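Engineer: dropping the sequence and predicted coords here.
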Amino acid sequence: MIRKAAEHDLSAIKDIYNYAVLNTTATYDINQRDDKYFADMLSEHTGKYLLAVYEDNGDIIGYVALSQFSRRDTYDITAELSVYVKADCQNKHIGTQLMEYALSYAQTENRFLTIVSLITSDNEHSIYLHKKFGFEFGGKIKNAGFKFDRFLGVDIYYKNL
């Protein structure tokens, strides 16, 4: 079941995210985030922004966020999409369901006109998922980050709703 996140979900969200920090290039964070970061995240995802979780038998196994793309007013019609799934639950279409939920939410009441994702260039699974939902390639930033002793590029994908 997918539902909006609540305060009691933050520990599981933190675990999923911090695993990605330590083990993947899905996030460009290098240091794990603390409880305050996730409490702030929840408070920032109110109103038109979304933080939702995928709950399976009482366990949170993934989450999706539609976040503020930029603090500049003109970007209010654009949101940044992030999807994270627990490592042992990947390849079970959880990410697909979370993305469907977020895109449906984004279109409700015309909350957003454009959804953007910044994806590590070698994250083939995420790129495939975005293409499956009609996201278009918008450009590449080479050597945008450095993690695990290598330079990383970022691909920009977007979808106009």
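Structural biologist: Nice, thanks for sending it over.

Engineer: apart from its chain neighbours, what residue comes closest to the residue nearest in space to the middle of the chain?
Structural biologist: Closest residue to the average C-alpha location of the chain: Ser82 at 0.9 Å, with CA atoms, centre = their mean. Leaving aside its chain neighbours, Ser82 sits nearest to Ala65 (4.6 Å; criterion: CB to CB, 6 or more residues apart in numbering). Every C-beta, even on glycine, is put in place using the N, C-alpha and C of the backbone.

Engineer: list the beta-bridge partners for the one you found.
Structural biologist: Per DSSP bridges, the residues bridged to Ala65 are Leu51, Ser82.

Engineer: tell me the pLDDT at it?
Structural biologist: For Ala65, the pLDDT comes out at 98.

Engineer: the residue nearest to the centre of the chain against Phe69, yeah?
Structural biologist: No - contact criterion CB atoms under 8 Å: Ser82 and Phe69 do not qualify, at 11.3 Å.

Engineer: let me know whether Ala14 touches Asp40 as I believe.
Structural biologist: Quick fix: residue 14 reads Lys, not Ala. No - counting by CB under 8 Å, Lys14 does not reach Asp40; the two are 11.9 Å apart.

Engineer: ok, the two, which is more surrounded?
Structural biologist: Here Lys14 and Asp40 are compared on neighbour count by other CB atoms under 10 Å; more neighbours surround Lys14, at 18 against 11.

Engineer: now do the contacts for the more buried one.
Structural biologist: Applying CB atoms under 8 Å, 6 or more residues apart in numbering, we find Lys14 in contact with 33, 35, 37-38.

Engineer: perfect, that will be all.
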